[in-house]
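> Here is the input, now give the coordinates:
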Amino acid sequence: MTDHELIAGCLRQDRTCQEALYKRFYGKMLGVTMRYARDRDEARDMLQEGFIKVFTSISNFSGKGSFEGWVRRIVVNTSIDHLRKNKHEYMIVSTVHSRDGDLPDAIEEADENELLQLSEEQLIACIQQLSPAYRAVFNLYVMENLPHKEISERLGISEGTSKSNLAKARYQLKKILYQKIRTLHGEQTFTR
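Okay, the predicted model is just below:
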């Protein structure tokens, strides 16, 4: 079925079309929610909420731009709404601070090929190790290309906090990736 046929069927509330739409986008959109969630169960919950919003607001799709992009935007916004609703639980900022000399020099010289050998699942698992506040800002800035002003508005934090959380997220992710590569090579991991 084409996107147009799926949309028309979903507007008629045709269960077959709704199921086809769900199956078409499930994998890609689960990948999106996995970047925001703590674990797979939470990601599935976010995705379920996102698909409900897709089905209830499909009449708002203007036909301009990519339908997949429209679905993705709803899923991202649903994930952000989930984080915002549970702000007291999710937006706790880690006390980890980046310090010069805190990581060995080797991390700065890590072979790019080693990073490229990590699977998508391994990379998502590394991102999920970030604190919720860092993970949210990292995803919105790096993956969704949002400016700090918009991130601060969406998450209800200041622009300065957004910038700080991004810097700390990058530092933490670099440390996590370094440990992952060391572990894959059977070397002792670096801990602080």
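> Please count neighbours and contacts with C-alpha atoms only from this point.
Noted.
> where's D3 relative to K85, distance?
Per C-alpha to C-alpha, to the nearest Å, D3 is found 32 Å from K85.
> Which secondary structure element is home to the residue lying closest to M34 once chain neighbours are set aside?
Once flanking residues are discounted, M34 sits nearest to A43: 5.1 Å by C-alpha to C-alpha, 6 or more residues apart in numbering. Secondary structure from DSSP states H and E places A43 in helix 40-57.
> Quick check, central residue of this structure?
With distances taken as C-alpha atoms, centre = their mean, R35 lies nearest the centre of the chain, 2.8 Å away.
> which other helices and strands contact the host helix or strand of that one?
Take DSSP H and E as the rule and R35 turns out to sit in helix 15-36. Judged by 3 or more C-alpha pairs under 8 Å, 6 or more residues apart in numbering; DSSP states H and E, helix 15-36 is in contact with helix 3-11, helix 40-57, helix 67-85, helix 120-128, helix 132-138.
> Skipping adjacent residues, who's closest to R170 in space?
Distances taken as C-alpha to C-alpha, 6+ apart put F138 closest to R170, at 7.6 Å, once the chain neighbours are dropped.
> can you pull the pLDDT of that neighbour?
What the model reports as pLDDT for F138 is 92.
> mind starting the numbering at 803 from now?
Sure, I'll start counting at 803 from here, so that last one is F940.
> Return the distance of it relative to K887.
Counting by C-alpha to C-alpha - F940 and K887 are separated by 19 Å.
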